[in-house]
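S.K.: Mind folding the following:
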Amino acid sequence: MIRSMTGFASASSADAPFSWGWEVRSVNGKGLDLRLRVPDWVDGLEAGLRKKLSARATRGNIACNLRLVREGGATGLTVNADQLTAVLSALHQIEQQAMDAGLSLAPSKATDIVTMRGVLEQSAQVQDTAALCATLLRDFDAVLADFDAMRQSEGALLADLLDSQLGQVASLTSEAAALADTRKDEMAATLRRNLARVMDNAEGADEARIAQELALIAVKSDITEEIDRLGAHVSAARDLLGQGGAVGRKLDFLMQEFNREANTLCSKAQNKALTTVGLALKAVIDQMREQVQNVE
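M.R.: Alright, predicted model coming up:
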């Protein structure tokens, strides 16, 4: 089963004196990018969460947030001295550049500064956080299972859609093959007329040489290889969908190959009906490529 890179899960729980809320969401990405916002005073929590997420996902931009609160007023607010120094330095630089540019800024107030991210932190008076970390990691398993279930559900919908689109590509490829067979006699007749016209207006020309050049033109307009490769790509894509797992990169590569064959078919068409089929192929392939961007 393939999985989508799009997913979401949230949950709340408690274990006195703490209560907490989880939120995990993901969108598509070229690789695996984990962004965690968790209390840094719980030793080992972030590393444990990264390990669990990495075991379930191979691609996608995943954000995991944990809001942890200690009940009964046992929490306090502390100033992060390093962050405050960095903020004050940045404010000084901004004010200095504004003065150099002849601009006047309103004075910064302490109430403005403490609302800046990271300046004021909530701390918990916990000496040993090992037990709390273990509890949180156990609780996260259920959240991760819900998150993975959504990705699998979305993946099943993607697989059905892609299979349907592959069916359209296969049908259009068969139609192109039938049109190519139909146009063979027409192309042969056209080449014979062109050869006769050239010979009538090219006294002393080498008839064998001219016939050879026309034969090369006929070979260059043959789309048999493109038809065969499109059929092979359809089979390969269906095999990947059946295989499941992290096949998004391989499917994305196949979409490039699909598009290349459709472009070549259009350039060789020399026939209105065949060109129409080629453009329809390109449209379906483009739709598939958009969907494949969400496959893990």
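S.K.: how does the protein divide into domains?
M.R.: In the domain annotation for the chain, the residue ranges read 7-75+138-152, 79-114, 154-292 (automatic domain parsing).
S.K.: Could you verify that residue 25 is part of a helix?
M.R.: No. Counting by DSSP: H, G, I helix; E, B strand; the rest coil, one finds residue 25 to be strand, located in no helix.
S.K.: ok, what's across the strand from it?
M.R.: residue 8, residue 63 (DSSP bridges).
S.K.: And for it, the neighbour number?
M.R.: Close neighbours of residue 25, defined as other CB atoms under 10 Å, add up to 17. For glycine as for every other residue, the C-beta is placed from the backbone atoms N, C-alpha and C.
S.K.: pretty sure it is touching residue 61, no?
M.R.: No. Between residue 25 and residue 61 there is no contact under CB atoms under 8 Å: 9.2 Å.
S.K.: coming back round to it: of all the domains of the chain, which lies closest to residue 130?
M.R.: Closest approach to residue 130 among those is made by domain 7-75+138-152 (7.1 Å; CB to CB).
S.K.: From one end of the closest one to the other, what's the distance?
M.R.: Using CA to CA, to the nearest Å, the end-to-end distance of domain 7-75+138-152 comes to 9 Å.
S.K.: what helix or strand is residue 265 on?
M.R.: helix 248-268 (DSSP states H and E).
S.K.: what's the helix or strand following that helix in contact with?
M.R.: Proceeding N to C from helix 248-268, the next assigned helix or strand is helix 272-292, under DSSP H and E. Applying CB atoms under 8 Å, 6 or more residues apart in numbering, the contact partners of helix 272-292 are 158, 161-162, 165-166, 168-169, 172-173, 175-176, 179-180, 183, 223, 230, 248, 251-252, 255, 258-259, 262-263, 265-266, 269.
S.K.: and the residues you listed, which are buried?
M.R.: Neighbour-count burial within those applies to 158, 162, 165-166, 168-169, 172-173, 175-176, 179-180, 183, 223, 230, 248, 251, 255, 258-259, 262, 265-266, 269; the criterion is 16 or more other CB atoms under 10 Å.
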